[in-house]
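>>> Fold the following for me, if possible:
(one chain, ligands or ions: 2)
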Amino acid sequence: MLEVMNLHTYYGLSHILFDVSLKVDQGHVVCLLGRNGAGKTTTLKSIMGLAPPAKGKIIFKGEDVTGLPPYRLARKGIGYVPDDRRIFADLTVRENLEIAMKSTEGKRIWDFEKVYELFPSLKKFDKRKGGLLSGGEQKMLAIGRALMGNPDFLLLDEPTEGLAPLLVMEFRDRINTLKGTGLTVLLAEQNVKFTLSLSDYGYIIENGVICYKGSVDELKENDEVRKKCGI
Ligand SMILES: Nc1ncnc2c1ncn2[C@@H]1O[C@H](COP(=O)(O)OP(=O)(O)O)[C@@H](O)[C@H]1O
Ligand SMILES: [Mg+2]
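Numbering: from 1, shown residues only. Ligands and ions are numbered 1, 2, ... in the order given. This is a model prediction of the structure:
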């Protein structure tokens, strides 16, 4: 569904990503593991057109989408959940979801009810301002907001960052539910245990370089590689 080939991305003069290539097959959850500063967020931003790569190619659903702006990628079916959530603090939960709703072209899969079914805590806080939610609830809202755009591919940036262990388990179940609906996910994470428990395939990134790739079983067995890559 997504193929990223030989990406090089810069912030100004700083060369951040070096020859990053990865593939995500339809219906899979693929993870990008790496410690802080490894280049996970930059990889997702490069794919989403928020940090356009200087070199390389991005193919989505068989089409070259390199260099397209984020709104065009969103229309093609890519949803993006940023690590900093970026929800509107002064809008209610419902309003945050409402503004993310695209005009219905074809069938609408996600609506308020579906999002509230996935995250019952959000339903409870339907009228609460986004800024008053806890960190975990804001993360749920950020995912809900991306779903309102009816994506078939989701870029998910560190959903478990800062969450209590119990909530981490809840997110694992929710992401599995999403996978069950046929959604394809590229998941950037530092939490190895959480991530490997729900992924099909994984990449490890360090210093802007993919240093290992393999099936989840290979990754689980390969402690040495993980240590070498710093996670
Ligand atoms: N806006 C920016 N300008 C300059 N450097 C940045 C910017 N954002 C991130 N970086 C640098 O790029 C590298 C990769 O960062 P990032 O992709 O955020 O890593 P991760 O998401 O894996 O923690 C880090 O060295 C970070 O300091
Ligand atoms: Mg990051």
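
>>> could you give the mean pLDDT of the helix ranked longest in the chain?
If you go by DSSP state H, the chain has its longest helix at helix 165-180. Helix 165-180 shows a mean pLDDT of 92.

>>> next structured bit after that helix?
Later in the chain than helix 165-180, the nearest helix or strand by DSSP states H and E is strand 184-189.

>>> Please name every helix or strand in contact with the helix or strand that that next one is followed by.
Following strand 184-189 in sequence order, the next helix or strand is helix 192-196 (DSSP H and E). Here helix 192-196 touches strand 29-33, helix 165-180, helix 216-221, going by 3 or more C-beta pairs under 8 Å, 6 or more residues apart in numbering; DSSP states H and E. The way it works is simple: take the backbone N, C-alpha and C, and place the C-beta from them, glycine included.

>>> got TSV for those, with mean neighbour count too?
TSV is the format used below for the helices and strands packed on helix 192-196 (neighbours: other C-beta atoms under 10 Å):
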stretch	mean neighbour count
strand 29-33	25
helix 165-180	15
helix 216-221	15
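
>>> Tell me who's in contact with the nearest residue to residue 32 once chain neighbours are set aside.
Leaving out its chain neighbours, the residue that sits closest to residue 32 by C-beta to C-beta, 6 or more residues apart in numbering is residue 188, at 4.7 Å. Residues counted as contacts of residue 188 (C-beta atoms under 8 Å, 6 or more residues apart in numbering) are 31, 32, 34, 40, 41, 43, 44, 83, 155, 156, 157, 158.

>>> rerun that using 7 Å as the cut-off
Going by C-beta atoms under 7 Å, 6 or more residues apart in numbering, residue 188 touches 32, 40, 41, 44, 156, 157, 158.

>>> hang on, the earlier thing: so what does the longest helix of the chain touch, helix or strand wise?
strand 184-189 (3 or more C-beta pairs under 7 Å, 6 or more residues apart in numbering; DSSP states H and E).

>>> what is the orientation angle of the strand it packs on with strand 29-33?
20 degrees (axes from the mean of the first three to the mean of the last three C-alpha atoms, to 10 degrees).

>>> and strand 184-189 with ligand 2, contact?
No - using C-beta under 5 Å from the ion, strand 184-189 never reaches ligand 2; the gap is at least 6.3 Å.

>>> Strands of the chain, start to end?
Listed in chain order, the strands of the chain (DSSP state E) span 2-11, 14-24, 29-33, 55-60, 63-64, 78-81, 153-157, 184-189, 201-206, 209-215.

>>> Those into CSV, with extra columns for mean pLDDT and distance to residue 131?
Formatted as CSV, the strands of the chain follow (pLDDT from 0 to 100; distance: least, C-beta to C-beta, whole Å):
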stretch, mean pLDDT, distance to residue 131
strand 2-11, 98, 29
strand 14-24, 98, 31
strand 29-33, 96, 29
strand 55-60, 97, 33
strand 63-64, 97, 38
strand 78-81, 95, 18
strand 153-157, 97, 20
strand 184-189, 97, 25
strand 201-206, 95, 32
strand 209-215, 93, 37
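
>>> Include distance to residue 121 when you put these into JSON lines, please.
Below are the strands of the chain laid out as JSON lines (distance: least, C-beta to C-beta, whole Å):
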{"stretch": "strand 2-11", "distance to residue 121": "30"}
{"stretch": "strand 14-24", "distance to residue 121": "29"}
{"stretch": "strand 29-33", "distance to residue 121": "23"}
{"stretch": "strand 55-60", "distance to residue 121": "32"}
{"stretch": "strand 63-64", "distance to residue 121": "37"}
{"stretch": "strand 78-81", "distance to residue 121": "17"}
{"stretch": "strand 153-157", "distance to residue 121": "18"}
{"stretch": "strand 184-189", "distance to residue 121": "21"}
{"stretch": "strand 201-206", "distance to residue 121": "29"}
{"stretch": "strand 209-215", "distance to residue 121": "34"}
